[in-house]
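[1] everything below, folded, please.
(one chain, ligands or ions: 1)
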Amino acid sequence: MINAHTELYGIIGNPVRHSLSPIIHNGAFRRIGLNAVYLAFEVKDLREAMSGIRELGVRGLSVTIPFKTEILPYLDCIEDVAGKIRAVNTLTVKAGKLVGYNTDCCGALEALEEKTDLRGKKVILLGAGGAARAIGFGLKERGCRVAIFNRSPHRAELLAEELGCEHHPLSSFSEMDGNILINATSVGMHPRDGESPVPKEVLREGMVVMDIVYRPLKTRLLQEAQKQGCLTIDGLEMLARQGAGQLDIWTEGKHEIGRIKEDLRKVLEAETVLKRRDPIVLAHTLADTKTMERC
Ligand code: NDP
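    Numbering: from 1, shown residues only. Below you'll find the predicted structure:
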């Protein structure tokens, strides 16, 4: 029950109404019996939003587009990985101090490492945005050889310089030679579900193909990769793990991702059936088993 002791967590971003983080965290709070609630805040002015965090007693925040880097000057302290990536997706308030973390990096790496050994692997990394940056950093730390492919050459060049790796235009399909391919662009994301960032000829049997896009869960890239005999990893794997990483920080415990994945998969599969994308409506729908049966 929400009462005068309920602790407040949330996500700040813009847009934010599509976020699945409230599903992850409210579900977990319920399971562990924490008197806490997690809300979505669509923030226009970051400075205004940050000015109230301490005073209102907010315990923790997820940070999403476009604030992952913009938030850095507001923090008192930044954890090592987040500092190196220069992007924060998690904030905790400890003894009045705002501490920033990045769980995108370990979320993606854990999802990959569950399926394959990364040491010495050549990775085709599609994209040079925030997610590609976090993943690229983790891959380099693991000793992978990384090649970045991005639509905008300048962004690819900047990230490649930072990571000390090669870069190419996204259209250089003939250069895409590696053991692992990761889509960290938004190509294939709803409503452009029919698109894949690469032609199927790039995908070879035995390749590990991870798509971090999670709407839809089975992107065209993953469907084609499966047909070609690749090992596939969907976007839910990273999403669940970055969320579990946030819970670990906030509750100082270890959260297993099984139930988180279950909650997310139900919502994402129901979205596909209902062709609706409002997680709040869907959360109610999921609670209503009769409606689910009709679906
Ligand atoms: P950014 O906006 O920082 O980067 C977007 C990337 O996608 C850039 O590389 C951009 O290329 C590329 N891109 C966008 N549209 C196109 C297009 N039409 N053709 C080719 N390239 C395109 O976003 P993020 O890095 O934060 O997120 C990228 C994707 O990853 C999103 O779909 C997001 O939902 C997903 N994501 C999933 C997570 C998970 O846990 N599963 C976590 C974080 C993100 P350019 O530089 O040329 O603009």
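[2] which residues touch stretch 34-47?
    2-3, 5-17, 19, 21-22, 25-26, 29, 49, 59, 67, 70-71, 74, 251 (C-beta atoms under 8 Å, 6 or more residues apart in numbering). For glycine as for every other residue, the C-beta is placed from the backbone atoms N, C-alpha and C.
[3] among these, which lie within strands?
    Among these, the members found in strands (DSSP state E) are 7-13.
[4] closest one of these to residue 211?
    residue 13 (21.3 Å; C-beta to C-beta).
[5] near the ligand, which residues of the stretch 151-295 of the chain are found?
    151-152, 155, 170, 184-187, 189, 212-214, 235, 238-239, 242 (C-beta under 6 Å from any ligand atom).
[6] just the buried members of the residues you listed?
    With burial judged by 16 or more other C-beta atoms under 10 Å, the buried subset of those is 155, 170, 184-187, 189, 212-214, 235, 238-239, 242.
[7] of those residues, which pair is most distant in space?
    170 and 242 (24.3 Å).
[8] what residue in the stretch 51-200 of the chain comes nearest to the ligand?
    Among all residues of the stretch 51-200 of the chain, residue 129 sits closest to the ligand, at 1.9 Å; criterion: C-beta to the nearest ligand atom.
[9] who are the contact partners of that residue?
    Residue 129 touches 155, 184-186, counting by C-beta under 8 Å, 6+ apart.
[10] likewise residue 131?
    104, 108, 184, 212.
[11] check residue 118 too.
    Contacts of residue 118 by C-beta under 8 Å, 6+ apart are 109, 112, 139, 142-144, 180.
[12] filter these to the buried ones?
    Looks like the contacts of residue 118 have 109, 112, 139, 142, 144, 180 buried, using 16+ other C-beta under 10 Å.
[13] narrow these to those in helices?
    In this view, the buried ones among the contacts of residue 118 that belong to helices under DSSP state H are 109, 112, 139.
[14] isn't the last one right next to residue 122, touching?
    Same thing as residue 139. No: the pair residue 139 / residue 122 is not scored as a contact, 10.2 Å apart, by C-beta atoms under 8 Å.
[15] list the residues that contact both of those two?
    residue 146.
[16] quick check, pLDDT for residue 79.
    At residue 79, the pLDDT value in this model is 96.
[17] pull the number of nearby residues for the closest residue to residue 49 other than its chain neighbours.
    Of all residues not flanking residue 49 in the chain, residue 43 sits nearest, at 4.5 Å (C-beta to C-beta, 6 or more residues apart in numbering). Other residues within reach of residue 43 by the criterion other C-beta atoms under 10 Å amount to 20.
[18] could you report the distance from residue 43 to residue 51?
    12 Å (C-beta to C-beta, to the nearest Å).
[19] likewise residue 264?
    Taken as C-beta to C-beta, the span from residue 264 to residue 51 is 33 Å.
[20] okay, the two: which has more neighbours?
    For residue 264 versus residue 51, neighbours defined as other C-beta under 10 Å are more numerous around residue 264 (24 against 12).
[21] quick check: the more buried one is in a strand.
    No: with DSSP: H, G, I helix; E, B strand; the rest coil as the criterion, residue 264 is assigned helix and is not in a strand.
[22] confirm for me that it is in contact with residue 22.
    No: the criterion here is C-beta under 8 Å, and residue 264 misses it with residue 22 at 11.3 Å.
[23] mind listing what's buried along the helix or strand harbouring residue 39?
    Assigned by DSSP states H and E, residue 39 falls within strand 36-42. Residues of strand 36-42 classed as buried: 36, 38, 40 (neighbour count, 16+ other C-beta under 10 Å).
[24] partners of it, with directions?
    Here strand 36-42 is paired, per DSSP bridges, with strand 7-13 (parallel).
[25] quick one: the partner strand near the ligand?
    No: judged by C-beta under 6 Å from any ligand atom, strand 7-13 stays clear of the ligand, getting no closer than 10.3 Å.
[26] show me which residues of that strand are buried.
    So strand 7-13, judged by 16+ other C-beta under 10 Å, has buried residues 9-13.
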